[in-house]
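Enquirer: how would this look folded up:
(chains A and B)
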Amino acid sequence: MRGRPQILSDEKLLNRRQKLFEIFEFRWVEFAWELQRAKSFQALRLALHPIRDFTAFFETFTYEPAKETTWQDLRALKRKWSGERSRLGLAIQEEREEKKRLDRAEGALRDDGSDDKLEELCEQRKRRHAMAREHVAGLTERLEHINENIRRQEAFLAQSEFLDFLRSKRYAFNPLNIANAIAGLPYIGWRQSMTRCQKDKGVHPHGLNMQMFRRVALALANPSCESRACN
Amino acid sequence: MQIPPARAERAIEQMKAHLLKVNPKRDASVAQLRKEFYYLRIATETVYKSRPLRSALPYHIFAEFVRRAAARSQFDLVMEEEERL
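Expert: Numbering: from 1, shown residues only, chains lettered A, B, ... in the order given. Below is the predicted model of the structure:
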């Protein structure tokens, strides 16, 4: 395959789309009106509040976002996270080795009784183990900090993209189009997500609930001839 | 798109007329709404009493309709039979 490797496979993307579509269809009336009018991050988060617990996927749309970021910044931060995670893996291994060495020294001290050299060695190993533990704790904290930054940057990009989609008015405001647009966030932009999801026609649009809602909206908006005559 | 009527009675009449105009055999949603018109009527009355924005009415009415239809009492079942279109 040419170009940059896909971060999100088609299979994963379409699974996410399907799940979102089902939630949007079923809960449409609980959030759609507010969502359609959302013009800020805060309004977007408030609009999605009624459905936030249906899937962990919504966390990125309801999380407090970073002040500003770009896709490049996010990619760089993820690379940094990956490097730190490898360092943490090595540090954990090292800490375990130090612990084993310390246990052996302490065991020898217990079994063979007091010995100045052994006691000194034991103290030395204790210090080395404590340092290794501190190193692991420091790296863990650092990794958590980067992780938090990633979540906030992802939230910023996902929420910006979602608002951009809502503002674009290029597509009708319905559950399928919204699911298509945001299924790939925050890994790909809404346009790419829409293009890739639209290639798959496997979704049956509009269940009975959605059809009934549309019928009610239509009946309220367009008076029939009979009811006009009632005026 | 026109906005919904200002009064609940007018909205109910309008929905009733619309549902009676469409053949339920050709549209499952109409068949279901005709069958459960009682819940639609009381949902409409309840929502209009809370005076939401008129453009938000369809969303609120349908959400209330779903809530009521999901928790039917014996009284509701009798009324549902009576008010079927």
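
Enquirer: Just the element for the most centrally placed residue in chain A, please.
Expert: When CA atoms, centre = their mean is applied to chain A, the residue found nearest the centroid is A:T60 (4.8 Å). Assigned by DSSP states H and E, A:T60 belongs to helix A:59-62.

Enquirer: Next, the buried residues of that helix.
Expert: A:60-62 (16 or more other CB atoms under 10 Å in any protein chain shown). C-beta here means a position set from N, CA and C on the backbone, and glycine is covered the same way.

Enquirer: can you list those in CSV and add pLDDT and distance to chain B?
Expert: As requested, these are exported to CSV (pLDDT from 0 to 100; distance: CB to the nearest CB, whole Å):
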residue, pLDDT, distance to chain B
A:T60, 87, 25
A:F61, 87, 19
A:T62, 85, 20
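
Enquirer: chain center to the helix or strand B:F75 falls within: distance?
Expert: In this assignment (DSSP H and E), B:F75 forms part of helix B:74-83. Offset of helix B:74-83 from its chain centre (CA atoms, centre = their mean, to the nearest Å): 14 Å.

Enquirer: Stretch B:74-85 now?
Expert: 13 Å.

Enquirer: Could you do stretch A:18-30 as well?
Expert: How far stretch A:18-30 lies from its chain's middle: 19 Å, per CA atoms, centre = their mean.

Enquirer: what does stretch B:40-47 give?
Expert: With CA atoms, centre = their mean as the basis, stretch B:40-47 stands 6 Å off its chain's centre.

Enquirer: and the strand or helix carrying A:L176, average pLDDT?
Expert: Element membership for A:L176, per DSSP H and E: helix A:175-182. With pLDDT averaged residue by residue, helix A:175-182 scores 92.

Enquirer: From the chain's centroid, how far away is it?
Expert: Worked out by CA atoms, centre = their mean, helix A:175-182 lies 17 Å from the chain centre.

Enquirer: CA atoms of whichever helix or strand comes after that helix as CSV?
Expert: Next in sequence after helix A:175-182, counting helices and strands by DSSP H and E, comes helix A:190-198. Extracted in CSV, the C-alpha atoms of helix A:190-198 (Å, rounded to 0.1, in the frame of the first residue of the first chain):
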residue,chain,number,x,y,z
TRP,A,190,-14.1,14.1,9.5
ARG,A,191,-13.7,14.5,5.7
GLN,A,192,-11.6,11.4,5.4
SER,A,193,-13.9,9.5,7.8
MET,A,194,-16.9,10.5,5.8
THR,A,195,-15.3,9.5,2.5
ARG,A,196,-14.2,6.1,3.8
CYS,A,197,-17.5,5.3,5.6
GLN,A,198,-19.6,6.3,2.6
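
Enquirer: related to what we said a few turns ago, ok and the helix holding A:L176 relative to helix A:190-198, angle-wise?
Expert: 120 degrees (axes from the mean of the first three to the mean of the last three CA atoms, to 10 degrees).

Enquirer: From the contact counts, what lies against helix A:175-182?
Expert: Applying 3 or more CB pairs under 8 Å, 6 or more residues apart in numbering or on different chains; DSSP states H and E, we find helix A:175-182 packed against helix A:10-37, helix A:116-168, helix A:190-198.

Enquirer: Compare these and give me the one nearest chain B.
Expert: helix A:10-37 (4.2 Å; CB to the nearest CB).

Enquirer: For residue 38, give me its contacts.
Expert: Picking chain A for this. A:44, A:46-47, A:163, A:166 (CB atoms under 8 Å, 6 or more residues apart in numbering or on different chains).

Enquirer: other chain: chain B
Expert: B:Y38 touches B:76, B:79-80, B:82-84, counting by CB under 8 Å, 6+ apart.

Enquirer: Dump those residues into TSV; add neighbour count, distance to A:A183 and pLDDT as well.
Expert: Formatted as TSV, the contacts of B:Y38 follow (neighbours: other CB atoms under 10 Å in any protein chain shown; distance: CB to CB, whole Å; pLDDT from 0 to 100):
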residue	neighbour count	distance to A:A183	pLDDT
B:D76	16	38	88
B:M79	16	42	88
B:E80	16	38	90
B:E82	9	45	90
B:E83	17	41	91
B:R84	11	40	91
